[in-house]
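>>> here are the coordinates; sequence isn't available:
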């Protein structure tokens, strides 16, 4: 499965998109650490299902928190809380951004080796879903924190991170060039 690092990277990058900036205008969004922390938090929320698993001993990981219903409920709850305390928030944009970040977690987990899949349609169906091919190799937690077998996993996640940051840099550079061109060509 993708580690919290991989989920955090996508959450951070998505929090930097112009749509996210529209969702949280003004000073709140200019506080990049807060916006980044929000993206990182939301992108890792589905995996907090390990907490009840530790407490009860029952298997919860990749359960209901990895469904579309959970994505909608959690996104609506978080957006409502932020909107209650910060009215300048554009509710629909923030809801869409939050839902998108949450769903990237589900999408990444679909492309992971091992496990029985994700219950995306829970509670309507118990069917689980997996992608037809794997992008993320399994992690063998039973081998401990440090094991040579984790080298493949770490290498793939580093490649994933570098690729995403490079793509984000190219997109940002392109977007900035387009903005400058519009500013130069628009009559004043």
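Thanks, I have the structure now. Keep in mind it's a predicted model, so treat the numbers as computed, not measured.
>>> what helix or strand does the closest residue to residue 157 other than its chain neighbours sit in?
Once flanking residues are discounted, residue 157 sits nearest to residue 6: 5.1 Å by C-beta to C-beta, 6 or more residues apart in numbering. (Each C-beta comes from the backbone N, C-alpha and C, glycine too.) Residue 6 is part of helix 4-15, with elements assigned from DSSP states H and E.
>>> Could you list the residues in contact with that helix?
Helix 4-15 is contacted by residues 20, 35-36, 38-44, 47, 97, 100-101, 104-105, 108, 136, 157, 160-161, 164-165, 168 when judged by C-beta atoms under 8 Å, 6 or more residues apart in numbering.
>>> what does stretch 137-153 give?
Stretch 137-153 has contacts (C-beta under 8 Å, 6+ apart) with 1, 3, 112, 113, 114, 115, 136, 156.
>>> let's see 6 Å
Contacts with stretch 137-153, where a contact means C-beta atoms under 6 Å, 6 or more residues apart in numbering, come from 113, 114.
>>> in it, what counts as buried?
137, 139, 150, 153 (16 or more other C-beta atoms under 10 Å).
>>> need the next SSE after the helix or strand of the chain with the lowest mean pLDDT, C-terminal direction.
When each helix and strand of the chain is scored by mean pLDDT, DSSP states H and E, helix 27-30 comes last, with a mean of 51. Note on helix 27-30: by DSSP H and E, the next helix or strand toward the C-terminus is helix 32-44.
>>> Can you tell me what sits against that following helix?
Against helix 32-44 from outside (C-beta under 6 Å, 6+ apart): 4, 7-8, 10-12, 14-15, 29, 98, 101-102, 105.
>>> what angle do the lengthiest helix in the chain and helix 4-15 make?
As assigned by DSSP state H, the longest helix anywhere in the chain is helix 150-185. Between the axes of helix 150-185 and helix 4-15, defined by axes from the mean of the first three to the mean of the last three C-alpha atoms, to 10 degrees, the angle is 10 degrees.
>>> For helix 150-185, could you pull out the residues that count as buried?
150, 153, 156, 157, 160, 161, 168.
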